[in-house]
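S.K.: This is a predicted model, with the sequence first.
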Amino acid sequence: MGFGDLKSPAGLKVLNEFLADKSYIEGYVPSQADVAVFDALSGAPPADLFHALRWYNHIKSYEKQKSSLPGVKKPLGNYGPVNIEDTTGSTAKDTKEEDDDDDIDLFGSDDEEENEESKRVREERLAQYEAKKSKKPALIAKSSILLDVKPWDDETDMAKLEECVRSIQMEGLVWGASKLVPVGYGIKKLQIQCVVEDDKVGTDVLEENITAFEDFVQSMDVAAFNKI
């Protein structure tokens with residue numbers, strides 16, 4: 001994996017494409033991975049690479065507290081998109097696992113005489129097959145959601161409003177980056193990202209919990225919804 005030379009246009013383009021559907025280099029909160037990539041840049045990316053520029057400006061806001069961000073800072077080459085060799089290796093591994101599955105003869109040869117020994121062999125092979133299948137992890141469906149949370153007026157304490165939203169904790173919910181977006185007449189809305197496990201957290205649950213802070217929140221809307 002890797003971005004290449006992040007001081008070159010080619011490297012910056014790879015970084016921009018990598019961040020098209022991500023808020024951070026790794027995970028859902030700023031970490032030492034972001035610090036490592038940020039430090040490798042010579043400056044802000046150009047305006048046309050808006051995903052990379054958005055990320056750069058966000059991480060720059062943590063400049064005075066970079067050392068306190070979580071994680072362990074690794075060499076730059078440990079971050080970035082998966083390269084062709086890694087993909088090929090993964091594909092070869094998956095193919096080998098499929099071949100291993102095919103090697104298990106569930107029912108034995110048609111010519112085998114149906115006796116006690118052949119029954120025992122068949123049952124052993126069935127047990128092996130089930131054991132192999134049970135070890136494969138189940139895929140957890142997740143979604144990235146961008147929420148617009150609107151206050152009552154321009155006198156609403158937006159810091160307190162965001163504190164209330166982030167206080168909502170439940171299994172399968174992780175809060176991400178946020179910002180205040182002007183909507184007019186001096187009023188700003190809170191735009192905040194979160195990642196949810198689809199079978200545990202839905203937008204209706206989020207809306208119910210967020211609008212419960214009725215002293216601060218007028219309404220909540222889903223600005224973007226993407227499957228991960």
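M.R.: Received it, and whenever you're ready, just let me know what you need. Numbering: from 1, shown residues only.
S.K.: can you give me the strands for this protein?
M.R.: With strands called from DSSP state E, the chain shows them at 142-151, 173-184, 187-197, 217-227.
S.K.: ok, and what's touching the third one?
M.R.: Read it as strand 187-197. Residues from elsewhere that reach strand 187-197 (C-beta atoms under 8 Å, 6 or more residues apart in numbering): 23, 28, 140-151, 153-154, 158, 161-162, 165-166, 171-183, 202, 206, 223, 228. (C-beta placed from N, C-alpha, C; glycine too.)
S.K.: ditto for the first one
M.R.: In this structure, residues lying in contact with strand 142-151 by C-beta under 8 Å, 6+ apart are 21, 158, 161, 165, 181, 183, 187-198, 203, 206, 210, 216-228.
S.K.: repeat that with 7 Å
M.R.: 158, 161, 165, 187, 189-198, 203, 206, 210, 216-228 (C-beta atoms under 7 Å, 6 or more residues apart in numbering).
S.K.: ok, it: who's next to it in the sheet?
M.R.: strand 187-197 (antiparallel), strand 217-227 (antiparallel) (DSSP bridges).
S.K.: Work out the gap between the first one and the centre of the chain.
M.R.: Meaning strand 187-197. Relative to the chain's own centre, strand 187-197 is displaced by 15 Å; criterion: C-alpha atoms, centre = their mean, to the nearest Å.
S.K.: Repeat that for the last one.
M.R.: Strand 217-227 has its average C-alpha position 18 Å from the chain's average C-alpha position, going by C-alpha atoms, centre = their mean.
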